[in-house]
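Undergrad: Pasting the sequence and the predicted model now:
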Amino acid sequence: ASPAVAQEEDVAETDAVANPVDAVAEAAGDAVEAAVEIADEDEQYPSYPVLQSWRMVKPTDYPVEAWRNNEEGTVAYTAKIDALGKATACKVTDSSGSSALDAAICPIILERGEFRAALAGPDQPIVGTYEGSHRWRKREPELPQMSMTYRFVHGADGKTTNCEFLKMENLPEKMREEIERDIERGTLCKGGGFGSARGIPYRDADGNPIAKVVTVTFDVQLQDPVEPGE
């Protein structure tokens, strides 16, 4: 090689050593490109559009009418996707059983849907048809207004015993089931009270380890926000 080429090769080797992160990133990029090339070779043409915006339907999109009527269900739809990956037409092909839920899906597909266009061949996007579905399912916040109180003995040895729940009001079903399961297993509050997992005891004024009965109340209150000036 000429001196100039040899000098360039030396610089490249020095950069690789001085910037290991860049070297790893470059190697990762090469691996991704190779995987894409293999995928392209295996792809059958013409291909179908591919949905890329999996979270386009948001919880706030749930139709109020359907929510009030406690309506849920899965709606199937067909969308026409242009060569740019944009939905240009949409229709419901299988009803969820709720007219409100059915009517809500296509406007969302047309407004927010992001697709990889169908391909006639490598880098040859064409118009295609996408068949999809969405399951409408009511969901509540994980922290509703609720209240619970439990009590346990934190012993002089720093361990928790005699754990019991005194009140459980409006707890989410899943949380209640988990608590009831722990009660049956005898593992309720095990290792869960104020350092008990590490055997840390309370102490009196003279520093002697002592037992305490600990009562914990967990109270969640929901209120409407107060507007400024009110």
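TA: Sure thing, it's come through.

Undergrad: Can you tell me what sits against stretch 134-145?
TA: 57, 59, 62, 66-67, 70-75, 77, 96, 98, 101, 104-105, 170, 172, 220-222 (C-beta atoms under 8 Å, 6 or more residues apart in numbering). Just so you know, the C-beta spots here come from the backbone N, C-alpha and C atoms, and that holds for glycine as well.

Undergrad: measure that stretch end to end?
TA: Taking C-alpha to C-alpha, to the nearest Å, stretch 134-145 runs 30 Å from one end to the other.

Undergrad: Buried ones from the contacts of stretch 134-145, can you make that a PyMOL selection?
TA: The buried residues among the contacts of stretch 134-145 can be selected in PyMOL (16 or more other C-beta atoms under 10 Å) with this line:
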select buried, resi 57+62+66+71+72+73+75+77+96+98+101+104+105
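
Undergrad: would you list every one of the strands in this structure?
TA: Secondary structure of the chain (DSSP state E): strands located at 50-51, 73-81, 87-94, 115-116, 118-119, 125-126, 128-136, 146-154, 160-169, 202-203, 209-210, 212-220.

Undergrad: Now do G132 against V75, distance only.
TA: 10 Å (C-beta to C-beta, to the nearest Å).

Undergrad: right, and the strands of the chain - which one's nearest E184?
TA: E184 sits nearest to strand 160-169 of all those, at 12.5 Å, using C-beta to C-beta.

Undergrad: Tally up the residues packed near W136, please.
TA: A count of nearby residues for W136, using other C-beta atoms under 10 Å, gives 23.

Undergrad: Need the nearest residue in space to it, chain neighbours excluded.
TA: Leaving aside its sequence neighbours, W136 sits nearest to L101 (C-beta to C-beta, 6 or more residues apart in numbering; 4.7 Å).
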